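Colleague: just to be clear, the model below is a prediction. Sequence and coordinates:
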Amino acid sequence: MELPQITSLSLVPYLAPSIDWAHFCWWVAIMTYAASEDAEMPLTTDEDIRAALSSAKVIALVGASMKPERPSNYVGEFLRQKGHRVIPVNPGHAGKTLFGETVHASLSEIEADVDMIDIFRQSDAVPGIVQEALSRFPKLQTIWMQLDITHSEAAKEARARGVRVIEDRCPKIEYPRLMDV
């Protein structure tokens, strides 16, 4: 029996209705990108994300906002409620208290060992943050760049030092998807 050639992806859900199409379409998009010649960013797997979230005890949140309606504020509070120690970093709020911690002006001021850096800054600020993090925290495990934040050169530098890098993702989205199951 010859199978019909599918020329439109809109027909696919009707041919196999039991498949989780949201995840399938996400997988197709990721695999298409990963196979393209333009792909600079290594594919981040669910296992990478699970490992980052389960191993991080202390998280430095760069770009923390005092405003509760800002994503950096509610993501930091979410991570704190999940049992992580979240150390806020923002030079404009240094000395204030957020997430039960003193806000630091820079990563260099943090005295504790940090497992993960969560970056809420524009992509052009990432190289400086990554360099500071790599020089300050020799046991750093993960650099996490929030949604729409990527920097291939900084990511390569961190990976070369053995640090896991997650780009263009949010732990508040990934945590319930992978950890609360």
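Modeller: Thanks, I have it.
Colleague: in stretch 138-145, what counts as buried?
Modeller: 140-145 (16 or more other Cβ atoms under 10 Å). In this view, the C-beta of every residue, glycine as well, is placed from N, C-alpha and C.
Colleague: now flag whichever of those residues is closest to residue 122.
Modeller: If you rank the buried residues of stretch 138-145 by distance to residue 122 using Cβ to Cβ, residue 145 comes first, at 10.5 Å.
Colleague: mind checking how far that closest one is from residue 169?
Modeller: Remark: distance between residue 145 and residue 169 (Cβ to Cβ, to the nearest Å) = 8 Å.
Colleague: for the residue positioned nearest the centre of the chain, give me its contacts.
Modeller: Nearest to the centroid of the C-alpha atoms of the chain, with distances taken as Cα atoms, centre = their mean, sits residue 144, at 3.7 Å. Neighbour list for residue 144: 52, 116-119, 165-166, 169, 171 [criterion: Cβ atoms under 8 Å, 6 or more residues apart in numbering].
Colleague: help me confirm that it is found in a helix?
Modeller: No - when DSSP: H, G, I helix; E, B strand; the rest coil is applied, residue 144 is found to be strand, with no helix at that position.
Colleague: per-residue pLDDT, it?
Modeller: Residue 144 is assigned a predicted lDDT (pLDDT) of 98.
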